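A.B. asks: Dropping the sequence and predicted coords here.
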Amino acid sequence: VDKALLEPVAKGYRAVVPSPVRTGVRNFLRNLRSPINAANQLLQGDIEGMASDVSRALINTVLGVGGLVDVASSAGLEYEQEDFGQTLAVWGVDHGPYLVLPIMGPSSFRDATGLVVDAYADPLRLYLYNTDQEEWHYARLAATAVDKREELLDTLDDLRQNSFDYYAALRSVYIQRRDALVRDEDPEMAGASLAIPDYDDEDDDFYE
């Protein structure tokens, strides 16, 4: 599905839509996710993080043309994506088995569970369903999928071309990135960037 549909659509999106417009779409989608981010910050006991998410949403909605412009970042309120998978990790739940979800890609049992919880608890989804506007929810899902795939075009291409085992490399990178996000670290600075990872015996125990 990725090679036949998602990747070509993402490449077409990049070719047709100018970079500033793509950035605006990404900012808007992130702004729509603010309630989920703030709720998970609260569940993790990170009151400062929750306050930052709420402040970001208010600033970007009012001053950033509904979230198209990320005004809050220039004020020092950087975007942090939080999800229920990270919340479960903070509560002490381990990854569980590594999974590759249809269409959605790398995950784990813990993170897949968090994905389901976030999806059903999303206030925007509940509002759209309760007002018979489900089509906007699906449009948002499609836009998010294309935006995320476009963001990863270069890094995934590089990983595919330069790794001996693309599946194993992607699996290792996914786990490293998720662990960094749980610790509120920048995955790039924490050594969890989308590069060819080093493998060790401890990783093998988890992946099996």
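C.D. replies: Arrived safely. Numbering: from 1, shown residues only.
A.B. asks: Work out the gap between stretch 66-76 and the centre of the chain.
C.D. replies: When distances are taken as C-alpha atoms, centre = their mean, to the nearest Å, stretch 66-76 is centred 18 Å away from the chain's centroid.
A.B. asks: got it, and stretch 44-63?
C.D. replies: Counting by C-alpha atoms, centre = their mean, stretch 44-63 is centred 17 Å from the centre of its parent chain.
A.B. asks: what about it, average pLDDT?
C.D. replies: What stretch 44-63 shows for mean pLDDT is 96.
A.B. asks: Same check on stretch 117-126?
C.D. replies: 96.
A.B. asks: That one: end-to-end distance?
C.D. replies: 13 Å (C-alpha to C-alpha, to the nearest Å).
A.B. asks: ok, and what's touching that stretch?
C.D. replies: Leu32, Pro35, Ile36, Ala39, Asn40, Asp83, Phe84, His137, Arg140 (C-beta atoms under 8 Å, 6 or more residues apart in numbering). All C-beta atoms are positioned from the backbone trio N, CA, C, and that covers glycine.
A.B. asks: Neighbour count, distance to Ile175 and pLDDT added to those, as a markdown table?
C.D. replies: Formatted as a markdown table, the contacts of stretch 117-126 follow (neighbours: other C-beta atoms under 10 Å; distance: C-beta to C-beta, whole Å; pLDDT from 0 to 100):
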| residue | neighbour count | distance to Ile175 | pLDDT |
| --- | --- | --- | --- |
| Leu32 | 19 | 28 | 96 |
| Pro35 | 15 | 28 | 96 |
| Ile36 | 22 | 22 | 97 |
| Ala39 | 20 | 25 | 97 |
| Asn40 | 27 | 20 | 97 |
| Asp83 | 20 | 15 | 96 |
| Phe84 | 23 | 18 | 97 |
| His137 | 17 | 30 | 95 |
| Arg140 | 18 | 28 | 96 |
